[in-house]
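A.B. asks: Provided below for reference: sequence and predicted model.
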Amino acid sequence: MMATGLSQYRPAAGGVLAGAAPALLPDPADDRIPGRGPVEGGRAPRGGRHPGHRLGPGPDQDTLVTSCDTVTVALRHGLEAVDILRLRRACGAVLQSRNGSTVTFLVPVGTSETWHLPGSSCTAGALLPTATDPRWVMPPSGAACAARPTDAWVLRSALCEAACTLTAGGLGPF
């Protein structure tokens, strides 16, 4: 079985999965990922700070940030994905829901238009608490407390790997 959890798909030339649903693959004619700029070797650009991701000043206020989208998954699935992303040094800001049942990843703006992954939902915009809120699993960092998004394709890969890991351990489906 492959890391995608789809054993019937085999890599074709160029590393693309033959027979994969078109919605799961980036458009080969499009050299940009929404909200991020040109793709650089499949990785997010380095530099750490992303302008427009500042959090609100109020201690108990959530601030609407339209420069990020959010991907929400079940708690166990999300925490497993966070571990995978942290090992790859690719984890952006992650927030736990108020009731503790879900985990929300910040992703680049525009991701909600193309996100299709069972077991998750993606919405435009983000309602973010202050940087000191205890619900942050991976809090905003740096001098400006910037909430760095996770690359959408890297997150998709980590979520698929997390699902395989949980299922193999007898903890899925979730």
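C.D. replies: Structure received.

A.B. asks: could you measure from the nearest residue to Ala93 once chain neighbours are set aside over to Arg156?
C.D. replies: Nearest non-adjacent residue to Ala93, counting by C-beta to C-beta, 6 or more residues apart in numbering: Ala147, 4.1 Å away. From N, CA and C alone the C-beta is placed, and that goes for glycine too. Counting by C-beta to C-beta, to the nearest Å, the gap between Ala147 and Arg156 amounts to 20 Å.

A.B. asks: more crowded one of those two?
C.D. replies: Ala147 (27 against 21; other C-beta atoms under 10 Å).

A.B. asks: just checking, the more buried one touches Leu106?
C.D. replies: Yes. In terms of C-beta atoms under 8 Å, Ala147 counts as a neighbour of Leu106; the distance is 5.6 Å.

A.B. asks: what is in contact with the two at once?
C.D. replies: 53, 68, 92-93, 126, 128 (C-beta atoms under 8 Å, 6 or more residues apart in numbering).

A.B. asks: between the residues you listed, which is closest to Thr102?
C.D. replies: Nearest to Thr102 among those, counting by C-beta to C-beta, is Ala126 at 13.9 Å.

A.B. asks: bridge partners for the closest one, pull those for me.
C.D. replies: Judged by DSSP bridges, the bridge partners of Ala126 are Val65.

A.B. asks: and for the one 10 residues further on?
C.D. replies: In this structure, Trp136 bridges to Leu95 when assessed by DSSP bridges.

A.B. asks: roughly how far apart are it and Glu161?
C.D. replies: From Trp136 to Glu161 the distance is 23 Å (C-beta to C-beta).
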